[in-house]
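Participant: I would like to see how this sequence folds:
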Amino acid sequence: MTLTDDIHKQIEENKNVLLYNQDIYSFYSEYKIKQKWVFISSPSKGKRAIEIILSTIKPEYKIKNESVAKLIDEIGTVSTKEKIVIFVDNFEHINKRTVEYYTDLINMKNILLVVNVNDEEIDLDMNILENFVILNHDLDLNRNNSVNIRFSILFILSVFIFLLFMRLQLSIVGYLVSSLWFSFLMYRSFYYISR
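Facilitator: As a prediction, the model looks like this:
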């Protein structure tokens, strides 16, 4: 079974697909005539990507300075009537703002995503990745079990700076105590001489 057959099978089973380092545009261009399929080159386009999806699936719709929520609602209205498959290349470029758009699209009836990731370092929310079937790569999606050592390093660095500051303060206090002791001795000596 080829990768193309696997993608078709997953689409027929209404499952979102995640691919690793594949040319999904060639697959999209080969089959787009048959169905309502949309291609987005980068998910970071944000509102423009949502406008491209809507204008592809409903060309008669006039997009006039509308909010993203309104555009997504209109896509949801169209998707109740027929299946829409959205191909997104370079999915690793998704950001915190646009991940909400794609999460809304995934949660709609009859909308499927076929995404391609070109980088193994995926820094995405696990909630969105759990919606995908990974076909051709064993990406490590078990990030919830990993330990974030950033806070441990910051804590150790903070303790080190605290100790360094205390050492500096103690050396300054040592100078202060020494100068006070010397001043006291000088005062006592001057007092003894002046008597």
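
Participant: C-alpha from now on. contacts and neighbour counts both.
Facilitator: Will do.

Participant: Confirm for me that residue 94 is in contact with residue 41.
Facilitator: No. If you go by C-alpha atoms under 8 Å, residue 94 and residue 41 don't touch, sitting 11.3 Å apart.

Participant: With neighbour numbers in mind, choose between these two.
Facilitator: More neighbours surround residue 94 than the other of residue 94 and residue 41, with 19 against 15 (other C-alpha atoms under 10 Å).

Participant: Any figure for the gap between the more buried one and residue 75?
Facilitator: 20 Å (C-alpha to C-alpha, to the nearest Å).

Participant: Tell me the secondary structure at residue 87.
Facilitator: strand (DSSP: H, G, I helix; E, B strand; the rest coil).

Participant: beta partners of it?
Facilitator: Residues in a beta bridge with residue 87, per DSSP bridges, are residue 39, residue 114.

Participant: how about it, what does it touch?
Facilitator: Residues in contact with residue 87 (C-alpha atoms under 8 Å, 6 or more residues apart in numbering) are 24, 25, 28, 37, 38, 39, 40, 113, 114, 115.

Participant: which stretches of the protein have low pLDDT?
Facilitator: 1, 31-35, 120-127, 137-148, 195 (pLDDT under 70).

Participant: Mind jotting down where the helices sit in it?
Facilitator: For the chain, applying DSSP state H gives helices covering 3-12, 24-31, 47-57, 68-79, 96-106, 126-129, 150-194.

Participant: and the nearest residue to residue 40 once chain neighbours are set aside, how many neighbours does it have?
Facilitator: With sequence-adjacent residues excluded and distances taken as C-alpha to C-alpha, 6 or more residues apart in numbering, residue 40 is closest to residue 88, at 4.8 Å. As a burial measure, residue 88 scores 21 neighbours (other C-alpha under 10 Å).

Participant: Repeat that for the one 4 residues further on.
Facilitator: Residues near residue 92, counting by other C-alpha under 10 Å, number 19.
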